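Asker: Generate coordinates for the sequence data below:
(one chain, ligands or ions: 1)
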Amino acid sequence: MPDVAVLVGSLRSGSVNRQLADNVARIAGDRLTLRQVPLGDLPMYDHDLWDDTPEAVTAFKEQVGGADAILLVTPEYNRYFPPVIKNAIDWGSKPMGANVWTGKPAAAIGATPGQLGAMSAVLSATQLLTIVGCAVMAQPSVFFNHRDDMHDSDGVLTDESAREFLSGWVDSFAAWIERMS
Ligand code: FNR
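Answerer: Sure thing, here's the model as predicted:
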């Protein structure tokens, strides 16, 4: 089963994007293993830090580098992906010759209570993944318009049409990973 490193671009405990990542993992079942890689311990990118590489950076690069594929789950902040995502992508792309993203099958999805479903953030994150060398699946898209009433009190997605849609997306991503690997 392909092992997917999941990068959630929100640090807050009640994140709807983490909830989406958890729900995609549940729905994926035995089609994909989705493993969330923490981003909150990464320092802000500073090239001087490579002289004495922070533990969190080494751990991050190992976890991402060892994965078969990458999934970004991004909030939308002012019509863009948040700095947590850019910081993680920048760390993974350096130093020269040690870019962990090169050739990795990848996708970006996102959630917001806003009606446009984080579309703008997802599209910019998709472009970012392309720039660092991932083999990005751009379609089908997940622009998830989060509503609490689509979930139970534990955050489990109960809305049947949303579950079916995400299940179809999992099929597409699994096929994409196989094709690109
Ligand atoms: C937002 N939010 C937001 N939502 C949206 O649909 N489009 C936007 O451009 C923005 N802009 C924005 C800027 C900033 C600084 C914040 C903090 C929030 C709302 C945002 O989507 C909402 O807070 C989500 O719940 C954030 O995702 P997590 O943290 O719940 O995963």
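
Asker: From now on I want contacts and neighbour counts done on CA atoms only, so please keep to that.
Answerer: Fine.

Asker: Show me where this protein has its strands.
Answerer: Assigned by DSSP state E, the strands in the chain fall at 3-8, 33-36, 69-74, 105-112, 135-136, 143-145.

Asker: For those, give me JSON lines that also has distance to the ligand.
Answerer: Formatted as JSON lines, the strands of the chain follow (distance: least, C-alpha to the nearest ligand atom, whole Å):
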{"stretch": "strand 3-8", "distance to the ligand": "8"}
{"stretch": "strand 33-36", "distance to the ligand": "14"}
{"stretch": "strand 69-74", "distance to the ligand": "7"}
{"stretch": "strand 105-112", "distance to the ligand": "4"}
{"stretch": "strand 135-136", "distance to the ligand": "22"}
{"stretch": "strand 143-145", "distance to the ligand": "8"}
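
Asker: Contact residues of the chain facing the ligand?
Answerer: 10, 12, 15-17, 75-79, 112, 114, 118 (C-alpha under 6 Å from any ligand atom).

Asker: how does it look with 5 Å?
Answerer: 10, 15, 16, 17, 75, 76, 77, 78, 79, 112, 114 (C-alpha under 5 Å from any ligand atom).

Asker: so the fifth one touches residue 111, yeah?
Answerer: Spelled out, it's residue 75. Yes - using C-alpha atoms under 8 Å, residue 75 makes contact with residue 111 at a distance of 5.9 Å.
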